[in-house]
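Visitor: Model the following, please.
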Amino acid sequence: MALYMRRAQVLHKLLKRRYLHTVFGIRDKCDFSSGTGDAEFTSKKVRDMFTDFFKDKYGHTFVPSSPVKPRGDPTLLFVNAGMNQFKPVFLGTVDPRSEMAHYRRVVNSQKCVRAGGKHNDLEDVGKDVYHHTFFEMLGNWSFGDYFKEKACLMAWELLTSVYGIPKDRLYVTYFGGDPILGIKSDDETREIWLSLGVQSDHILPFGSKDNFWEMGESGPCGPCTEIHYDHIGSRNAGMFVNRDSPDVVEIWNIVFMQYKRELDGSLRVLPRHNVDTGMGLERLVTILQGKRSNYDTDLFTPILSAIHEFSKVQPYRGLVGEADVENVDMAYRVLADHVRTLAVCIADGIYPGMSGAEFVLRRILRRAVRFSMEVLKAPQGTLAALIPTVTEVLIMELINDNEEAFVSSLHQGRRIIDRTLQRMDKSCKFPVFHSCQGQVLALYAENSLVEKVSEGQRCGIILDRTCFYAEQGGQTHDRGYFLRGEQQPRRLGCMVNHTSTHVLNFALRRVLGDGVEQRGSHVTEEHLRFDFSTKAALTIEQLQKIEQEVEALLLQNDPVYSLEVPLSRAKTIRRLRTVDEVILLDFHLLCLLKELPNILTDNNSTTTVFFKHLLRTGVIKDFVIVSDRQLVKGITRIVAVTGDQAKEARETGHKLAQDVDSLLFRLQSEIAILVDAQQLSKEVGLLTDVLENTAIPQWQKRELQKKLKALQRTTNTAVRKQENKEATKKVQELLTRHASDSLVVDSVTVDSISNATSTLSAADWALAVCRTMNGSAGGSDIVAKGTAYSKNLDAVQKWALEYANNKLQK
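Guide: Numbering: from 1, shown residues only. This next block holds a predicted model:
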């Protein structure tokens, strides 16, 4: 304990320093006279210089990073590239009303995870000094604006003039053509690089494997040009480009999306050209800080130093391959990388689990723990103890930026809410869904917009207005036909359960505390499902209190307030979830009226912000939790029903409770024969199965399950006692009947061949008895036989009976 406390104190002191690399020294600096190393290029400064360059000088819109948990894209485990959140633009599926539909020039720094699926760097992490499972992708995009010439010019200007990287260290590649694809060499890009002053022997052609980018088997694609950096310098390193050399690394990929791959494999020219670029922040910082390893930059040195404080081995030295004896430095790199990935994924809503991305994250966690404990000899708990250091390196600036944005819109948001409150009509019970007439704006089929569709062809129709609700915020979508009057029952059922979801969220915080955080939800007209963070499984008492809190809110019939606000303002409100859905132009914010003043001002408020709900809580009528279970450690899932279904669940629970009490009463009566005991045991088992598969209040189900388990134990004991009585009786009859016979041939009738118990085996019983007479025996759990000799059979029989009784009593 003393050793652990000492290390924790040292770690606390380390966290007080903003840039720990200045304390521990900078290893392996390049020669500044021939390189580019500069200790003033902190990772934050490098990131800001990139976004400011495109935003301030070339009019790009800054778009924040999306979470690493993909939304609406089942093809991805994690967000693995900067372009992921812009796929609707590339595919032509973006909502024309959304902010994204108006993007022309965009810049951002995207959080990316590559650990599973097509892009998987997990097993390479630690073996070298530049692979990572989590990294930041700096990127700029053009959606129908500039193309090849402007993209190359800006990239060259940023690298050589702004960052000051020597031109002779840079090599560019371009698409050299592919006869199989039927595409000629991209000589246009080569000429652009020459016009920018790049030496001809630093411009290299490559085939489709390296320089033709495709989104998938079909969709937008095109040639790309890459920029590579030579860490050595003072030489021609062209032969090392695209050869997996650690000395010559790719730093920037610029993709020119000018084609579309059709399902038949053919290519057609797109009417609007796009540009998609990506440059790894970690590799760029390595170059600008004069390092040869990403792990020697200020993105990793604080974490590596903190790891050493918990380990029992030498400090990190940056060794790889055979030079890294016992893989110590590899373990440092694995732990430093993986703890960053874990922190970012968990913060974005991905938790270690048993399937999909959650299973991959579970592998990452276990790989980190294994290297930490087995190689670095660090104590249990080290992984969690490193999180404050990771937070210092990655998250502090994000928090500062968001806080500043929130303060700037606080007062304006309050004025909008106050004005809307004054206009509210508090007399309407719930909305009426009117039919509407809309104009067809476009048709969508086979992943693109089309001019027409044939009879029988499946397609999407984009209208200028609709009365249908699209899936968002956990509430499922409307379904039906282009006929009036089809949506009212299904929509209202969804709204009842959706409002109930947020009332449940409110009640959970009342009962369990403000530490409760929503982790997911799904709403249909039949039921609601809600996932949330919790330290332990819910108790029966907690389930009862949660239902009581919800019922109290329903009885109060509180009004639910609705406000439509722009997406940009909605993002600044605390506890508001699902604000990164690109299909939304604005939000409807709802909350209980009495909690309204706390939405924008009280950081500790338990207010829950809602989307598209009822106007009063009393419309819900009734609420019952019918299931709860832990998905993984720390995450609990609740399933609940409302209205008439909740009432039916309560009535069913009452009937099942009466059935259990009836069994208990019958058991308390004397069981005279074996058949009675067996029948009672069977009924207990059947009722247990019914209870398991019937929707009743979960707290009541837990109580009845406890009673039935106790009943099952009691009935099993009664069955064994009756079996022992009958067996003893039959054996006695057998012995009496054959007392004077030297040869015995007889049969014994049993009620069931399955009367053997888990505590008494016939084979063990026979063997134990025969061994007391120096004999032997064998058989199965049900039937056994043996041979032995004894002058005192009465004593043997008595011992055999005692042996069996002792086993059965256990």
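Visitor: for residue 113, what are its contacts?
Guide: Counting by Cβ atoms under 8 Å, 6 or more residues apart in numbering, residue 113 touches 68, 78-80, 133-134, 341, 344-345. (Glycine included, C-beta is placed from N, CA and C.)
Visitor: hmm, I was thinking of residue 277
Guide: The contact partners of residue 277, taken as Cβ under 8 Å, 6+ apart, are 139-141, 151, 155, 252-255.
Visitor: quick one: least confident helix or strand in this structure?
Guide: Lowest on mean pLDDT, DSSP states H and E among the helices and strands of the chain sits helix 21-24, with a mean of 26.
Visitor: contacting residues for the closest residue to residue 634 other than its chain neighbours?
Guide: Of all residues beyond its chain neighbours, the one nearest residue 634 is residue 533 (6.0 Å), with distances taken as Cβ to Cβ, 6 or more residues apart in numbering. By Cβ under 8 Å, 6+ apart, the contact set of residue 533 is 515-517, 519, 634-636.
Visitor: Grab the nearest non-local neighbour of residue 176.
Guide: In this structure, residue 176 finds its nearest non-sequential neighbour in residue 205, 3.0 Å apart by Cβ to Cβ, 6+ apart.
Visitor: which residues are in contact with the helix or strand harbouring that neighbour?
Guide: If you go by DSSP states H and E, residue 205 is part of strand 203-206. Applying Cβ under 8 Å, 6+ apart, the contact partners of strand 203-206 are 171-177, 185, 190, 193-194, 211, 238, 241-242.
Visitor: Name the nearest of the residues you listed relative to residue 225.
Guide: Nearest to residue 225 among the contacts of strand 203-206: residue 174, at 4.8 Å, using Cβ to Cβ.
Visitor: a helix runs through residue 461, doesn't it?
Guide: No. Using DSSP: H, G, I helix; E, B strand; the rest coil, the assignment for residue 461 is strand, not a helix.
Visitor: how close does it sit to residue 98?
Guide: Per Cβ to Cβ, to the nearest Å, residue 461 is found 18 Å from residue 98.
Visitor: Which one's more surrounded, these two?
Guide: Set side by side, residue 461 and residue 98 show more neighbours around residue 98, with 18 against 13, by other Cβ atoms under 10 Å.
Visitor: so where's the stretch 451-600 of the chain shaky on pLDDT?
Guide: The stretch 451-600 of the chain contains residues with pLDDT under 70 at 473, 480-487, 489, 561-600.
Visitor: Please enumerate the helices of it.
Guide: Applying DSSP state H, counting those that start in this stretch to the stretch 451-600 of the chain gives helices spanning 488-512, 540-556, 567-570.
Visitor: tell me which residues in the first one are buried?
Guide: In other words, helix 488-512. Judged by neighbour count using 16 or more other Cβ atoms under 10 Å, the buried positions of helix 488-512 are 490-512.
Visitor: Number of residues surrounding residue 540?
Guide: Neighbour count for residue 540, taken as other Cβ under 10 Å: 14.
Visitor: Does anything pack onto the longest helix seen in the chain? Which helices or strands?
Guide: Determined from DSSP state H, the single longest helix within the chain is helix 698-737. With contacts taken as 3 or more Cβ pairs under 8 Å, 6 or more residues apart in numbering; DSSP states H and E, helix 698-737 sits against helix 540-556, strand 623-632, helix 643-668, helix 674-692, helix 793-809.
Visitor: Quick check: which of these is nearest to residue 126?
Guide: The nearest among the helices and strands packed on helix 698-737, by Cβ to Cβ, is strand 623-632 at 25.7 Å.
Visitor: Which elements pack onto the closest one?
Guide: Counting contacts by 3+ Cβ pairs under 8 Å, 6+ apart, strand 623-632 packs against helix 488-512, helix 540-556, strand 635-642, helix 643-668, helix 698-737.
Visitor: Using JSON lines, lay out the ones you listed together with distance to residue 228.
Guide: Output for those, formatted as JSON lines (distance: least, Cβ to Cβ, whole Å):
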{"stretch": "helix 488-512", "distance to residue 228": "51"}
{"stretch": "helix 540-556", "distance to residue 228": "58"}
{"stretch": "strand 635-642", "distance to residue 228": "44"}
{"stretch": "helix 643-668", "distance to residue 228": "63"}
{"stretch": "helix 698-737", "distance to residue 228": "60"}
